[in-house]
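In: need coordinates for the below:
(one chain, ligands or ions: 1)
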Amino acid sequence: MAQEITIPLWLFAIILLFAAITFASHFLFPSVRWFFRRRLERAVARLNQRLERPIQPFKLARRHDTIQRLIYDPQVGRAVQAHARREGIPEAVAFEQAKRYAREIVPSFSAFAYFGLAIRVARFLSNMFYEVRLNHTAPEEVHGIDPDATVVFVMNHRSNMDYVLVTYLAARQSALSYAVGEWARVWPLSRLIRAMGAYFIRRKSRNDLYRHVLSCYVRQATEAGVTQAIFPEGGLSLSGGLGPPKLGLLKYMIAGATNENRDVVFVPVALNYDRVLEDSILTDAASRPDRRFRARIGVVTRWMLKQLWQRLRGRSHQFGLAAVQFGVPLSLDRFRAETGSDFINPLADELMARIGQVVPILPVPAIAWMLTRHQSLTPDEIEAQYRRLSGAAEGGDTSAFVTAALRQLQGRGLVEMSGDTVRASGDRPQLLQYYAASISHLLPGDAAGAKENSAPAGS
Ligand SMILES: CCCCCCCCCCCCCCCC(=O)SCCNC(=O)CCNC(=O)[C@H](O)C(C)(C)COP(=O)(O)OP(=O)(O)OC[C@H]1O[C@@H](n2cnc3c(N)ncnc32)[C@H](O)[C@@H]1OP(=O)(O)O
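Out: Presented below is the predicted three-dimensional model:
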């Protein structure tokens, strides 16, 4: 036992390394982990004091625990049994399948990544591209929402800047949890998105087992009071106008509204832009038979880097106004009591109507709308009509924004200005229609009173 052995130095080094790792993982890592966890918990507690809606423990739970809780939920258990029977496979196989779905869906929220990084990046990007405006239709109702309620921001989907803007503007209220389509399931974007607390969904899957796992996750999050944000249209608007609502996520959230002490309150949010960054891609997609949005992630990243580079060199310019308007909140309890049992469709319609009512009327969409109705207008007429349509007061920045909007449209070849006359031009009329469509539901059928002697488009 006491005899000596000789081993090469490299082997000794490897043994030493393994010994060090084993020692660290058994004795050091748990305490180091505990040390950091304690620090993180304290930081989150401080953060929660600043937020209008504290981050819920459900969201802060370890991903592994959330996955376990999800796959052992009775709803998923029943779905596993039904799936196994239907497919003629052992339950253990169906259970593994459910586990894969759960791993795909469940996020791994990091308060540090969200508040320390994402909010800062979101603020930087929002202000880099736009002059940002935030307005409330009923501020006291939004701020007066019961602190125990589950708040769901329901938004129109115009651009990939939507969630960047709303995340930044809602940063004082809470951390938002989004449902993200399959487009973002590319590494490393998927990791980043998970760290923001967003959960992945397969929009096209009709698989019953998958739907139950997804529905169960959304129900659990809603029951736990997690603040969420959804795009009921289920994708970017190709026409520029509001699309019909999908019902799936709403249905799953309603299933989570079981707690008498926790109402679900929907806050309509409408966004609009003087320039939607992806407008050409969207209008191109609208004209193709498959109506698919084609923008590879590499192209988007290159474009962003180019903008950033121009900004660093002081050559970037903003794309006009971006506006976010919070509408009148809707309490699910109250709506259910007033509407009766079959209320999903009326609820979705009401939410879309509330979003539609508060879509901001910005200069570019307004000018686009005017030019789809009038062959020509003067800049003064445009400004006067814009003030009337948007309810903007005299003076202020309105004049500067209208001038900047005209310059932007002219720079893109969408309008031409000769002398004192502004008219639509170029071979992309669909872009003007796209912007006009974002607000046309708010505007009168004809522009009566706007300009008596302006010629209608096409005449
Ligand atoms: C660097 C800076 C960072 C900044 C910070 C970033 C933050 C972190 C990044 C986040 C980034 C987020 C970006 C997201 C951007 C997107 O990805 S948008 C796309 C994703 N979102 C959505 O799609 C939300 C809305 N979609 C839905 O709700 C869809 O319904 C679903 C759930 C996806 C399913 O699709 P579907 O089958 O087409 O939907 P639909 O037919 O309407 O509904 C089906 C269900 O409704 C039921 N239903 C239908 N009609 C009725 C009725 N009348 N009564 C009762 N039930 C009914 C059906 O029975 C069915 O139920 P299940 O069988 O599922 O149980």
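
In: list the contacts of the residue of the stretch 201-350 of the chain found nearest the ligand.
Out: Among the residues of the stretch 201-350 of the chain, Gly248 lies closest to the ligand, at 2.5 Å counting by CB to the nearest ligand atom. In short, each C-beta sits where N, CA and C put it, glycine included. Going by CB atoms under 8 Å, 6 or more residues apart in numbering, Gly248 touches Arg211, Ser215.

In: check Ala255 too.
Out: Ser215, Val218, Arg219, Thr222.

In: which pair in these spans the largest distance?
Out: The largest separation in those, counting by CB to CB, is between Ser215 and Thr222 at 10.4 Å.

In: break the protein into its domains for me.
Out: 103-357, 363-438 (automatic domain parsing).

In: give the rounded mean pLDDT of the shortest one.
Out: When pLDDT is averaged along domain 363-438, the result is 91.

In: re earlier: okay, the contacts of Ala255 in JSON lines with neighbour count, pLDDT and secondary structure next?
Out: Listed next are these as JSON lines, based on neighbours: other CB atoms under 10 Å; pLDDT from 0 to 100; DSSP: H, G, I helix; E, B strand; the rest coil:
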{"residue": "Ser215", "neighbour count": "20", "pLDDT": "97", "secondary structure": "helix"}
{"residue": "Val218", "neighbour count": "27", "pLDDT": "97", "secondary structure": "helix"}
{"residue": "Arg219", "neighbour count": "21", "pLDDT": "96", "secondary structure": "helix"}
{"residue": "Thr222", "neighbour count": "25", "pLDDT": "96", "secondary structure": "helix"}
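
In: among these, which ones lie close to the ligand?
Out: Checking the contacts of Ala255 against the ligand by CB under 6 Å from any ligand atom, the ones in range are Ser215.

In: re the thing from before, the residue of the stretch 201-350 of the chain closest to the ligand and Arg39, how far apart?
Out: 39 Å (CB to CB, to the nearest Å).

In: strands along the stretch 51-200 of the chain, start to end?
Out: With DSSP state E, counting those that start in this stretch as the criterion, the stretch 51-200 of the chain has strands at 131-136, 150-155, 177-180, 199-200.

In: who touches the last one?
Out: Right, the one you point to is strand 199-200. So strand 199-200 is contacted by 104-107, 177-182, 184-185, 190, 193-194, 217, 221 (CB under 8 Å, 6+ apart).

In: how about a cut-off of 6 Å?
Out: Glu104, Ile105, Pro107, Val180 (CB atoms under 6 Å, 6 or more residues apart in numbering).

In: my guess is the last one meets Ala198, correct?
Out: Yep, that's Val180 we're talking about. Yes. With contact defined as CB atoms under 6 Å, Val180 counts as touching Ala198 (4.8 Å).

In: kindly report the residues of the stretch 101-250 of the chain close to the ligand.
Out: The stretch 101-250 of the chain comes close to the ligand at residues 118, 121-122, 157, 163-164, 167, 178-181, 193, 196, 198, 201, 203, 211, 215, 230-232, 234-235, 246-249, as judged by CB under 6 Å from any ligand atom.

In: make a ChimeraX selection of the buried ones in these.
Out: Per 16 or more other CB atoms under 10 Å, the buried members of these correspond to this ChimeraX selection:
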select :118,122,157,163,164,167,178,179,180,181,193,196,198,201,211,215,230,231,232,234,246,248,249
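
In: the residues of the stretch 101-250 of the chain next to the ligand in helices, which ones?
Out: Val121, Ala122, Tyr163, Val164, Thr167, Ile193, Arg211, Ser215, Gly248, Leu249 (DSSP state H).

In: now, the most widely separated pair of those residues?
Out: Maximum distance among those (CB to CB): 33.3 Å, for Val121 and Arg211.

In: hang on, the earlier thing: out of the strands of the stretch 51-200 of the chain, flag the one nearest Leu442.
Out: strand 131-136 (14.5 Å).

In: rebuild the domains of the chain as JSON lines, extending it with distance to Glu91.
Out: JSON lines is the format used below for the domains of the chain (distance: least, CB to CB, whole Å):
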{"stretch": "domain 103-357", "distance to Glu91": "12"}
{"stretch": "domain 363-438", "distance to Glu91": "50"}
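
In: what residue ranges in the chain score low on pLDDT?
Out: For the chain, the stretches with pLDDT under 70 are 293-297, 316, 393-396, 446-459.

In: residues making contact with the longest helix seen in it?
Out: Scanning the chain for the longest helix, with DSSP H as the assignment, gives helix 29-50. Residues from elsewhere that reach helix 29-50 (CB under 6 Å, 6+ apart): Pro54, Ala111.

In: one more time with 10 Å, if that's ok
Out: Residues outside helix 29-50 that contact it (CB atoms under 10 Å, 6 or more residues apart in numbering) are 21, 23-24, 51, 54-57, 59-60, 62, 110-112, 114-116, 171-172, 174-175.

In: need the residues touching each of Val180 and Ala198.
Out: Pro107, Tyr163, Ser190.
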